[in-house]
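*Asks:* Kindly generate the corresponding structure for this input.
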Amino acid sequence: MTLPLRGPLVALLAVLLGTAWVGPATADEVADCGALIASPFEAGFEATGVAPVDADLLQAEEVCAAAIIASPTSDQAKAGLSRIHFYYGEYDAALPLLEAAAGADNPLAQQLLADILIDGLGGIPVDEARAITLLEASTAAGFAPGQNSLAVSYERGQGVAQDVSRAAELYAAAAKQGLPVAEVNLGVLYAEGNGVAENDERATQLFMSAAEKGDAGGMNSLGVSYEVGEGIDVDLDLAMEWYRKAAAAGSIVARANIGNLYFRGLGVPQDYEIARKWITKAADDGNGFGLYLLGELHENGNGVAIDLDRAIDLYRQAAAEGSADAEDALARLGAHD
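*Replies:* Okay, the predicted model is just below:
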């Protein structure tokens with residue numbers, strides 16, 4: 001999906017903020033900004049908040065920019081506009097807005113700024129220590145996305161000592177508020193018995209909750225549950241249905257999973273050509289499972305000419321993305337570097 005360009009509004013805001021005149025602050029403009037782009041996990045917006053993908057971003061950007069001009073001290077308006085920039089990957093434009101709003105203890109701004117700093121998004125220098133401080137503040141405010149981001153840090157050991165049990169606690173706190181990504185992250189821990197006792201039924205319940213909210217990761221994970229029969233009876237038709245929904249919602253790995261069902265003939269007639277199309281979509285986006293499957297197609301000549309050199313190259317790319325299957329394939333072929 002190509003996102004619309006919105007450069008002129010950013011330039012207009014910069015020009016207007018640089019002028020000497022600032023109009024009178026009005027609560028209505030700030031409220032209008034919040035109504036258009038506030039997170040449903042922000043206090044006061046539980047019933048009206050929206051995900052960026054569901055918002056009218058062009059209108060929200062215009063309204064929030066006007067709100068900042070009218071009320072230059074409003075952390076709510078700055079957080080709202082920065083959320084739009086963050087969604088579009090415009091981290092440089094988001095940064096000054098986030099700094100101001102996070103400095104005013106806005107939990108959304110604290111979380112977004114921390115996510116930029118901990119991974120160095122957009123080439124912005126990494127600052128893990130500050131990111132953790134910001135996430136701890138956002139978490140203390142009860143902001144579910146902040147709790148989830150801090151949990152990710154504990155699960156990875158990024159900026160803090162690795163502590164998967166602590167990650168599970170934080171995911172659970174965010175999942176209790178209904179944050180879909182936290183439900184999926186907690187579900188994975190239950191499925192793997194990592195930081196919590198293994199519980200496939202609980203994992204599937206969490207995946208189903210996220211899937212029913214339209215979360216792509218939840219839909220894909222629920223598809224996996226139906227495919228392998230963990231926490232629920234095997235149902236390959238439902239697995240394919242959820243994979244297709246996940247792929248339509250933007251899940252890259254779901255494309256690989258669809259291709260794999262066609263590759264293996266699981267619940268559908270085996271069809272290498274259809275499999276190759278879906279697998280290639282995932283591989284082109286750098287998905288490890290997709291790269292591995294495409295390597296397997298080339299190694300065995302399934303719907304393509306046998307090409308061991310191409311297969312090995314794909315296995316190496318997949319291994320670099322963390323695919324254990326690709327590591328095994330490279331060892332079997334004696335192709336480890």
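*Asks:* residue boundaries of the helices in the stretch 151-300 of the chain?
*Replies:* Ranges of helices in the stretch 151-300 of the chain, per DSSP state H, counting those that start in this stretch, are 164-176, 180-192, 200-212, 216-228, 236-248, 252-264, 272-284, 288-300.
*Asks:* measure Ala203 to Ala331 for me?
*Replies:* Remark: distance between Ala203 and Ala331 (CB to CB, to the nearest Å) = 30 Å. Using the backbone N, CA and C atoms, a C-beta is placed for each residue, glycine as well.
*Asks:* out of those two, which sits in the more crowded spot?
*Replies:* Ala203 (28 against 12; other CB atoms under 10 Å).
*Asks:* And the more buried one, how close does it get to Ala249?
*Replies:* The value you get for Ala203 to Ala249, if CB to CB is used, is 20 Å.
*Asks:* got it, and Arg332?
*Replies:* Distance, Arg332 to Ala249, by CB to CB: 35 Å.
*Asks:* who's more crowded, the two?
*Replies:* Relative neighbour count places Ala249 above the other of Arg332 and Ala249, with 17 against 10, counting by other CB under 10 Å.
*Asks:* Apart from its chain neighbours, what residue comes closest to that one?
*Replies:* Counting by CB to CB, 6 or more residues apart in numbering, Ala249 lies nearest to Ala216, which is 3.8 Å off, once chain neighbours are set aside.
*Asks:* Isn't the one you found up against Arg244?
*Replies:* No. Under the criterion of CB atoms under 8 Å, Ala216 lies out of contact with Arg244, with a separation of 11.4 Å.
*Asks:* which of the two has more neighbours?
*Replies:* Set side by side, Ala216 and Arg244 show more neighbours around Ala216, with 23 against 16, by other CB under 10 Å.
*Asks:* Now for that one: which residues touch it?
*Replies:* 246, 249-251, 254 (CB atoms under 8 Å, 6 or more residues apart in numbering).
*Asks:* can you list those in CSV and add pLDDT and distance to Val224?
*Replies:* Below are the contacts of Ala216 laid out as CSV (pLDDT from 0 to 100; distance: CB to CB, whole Å):
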residue, pLDDT, distance to Val224
Ala246, 98, 10
Ala249, 95, 15
Gly250, 94, 17
Ser251, 96, 11
Ala254, 98, 9
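*Asks:* wait, which of those is closest to Phe41?
*Replies:* Distance to Phe41 across the contacts of Ala216 (CB to CB) is lowest for Ala249, with 19.9 Å.
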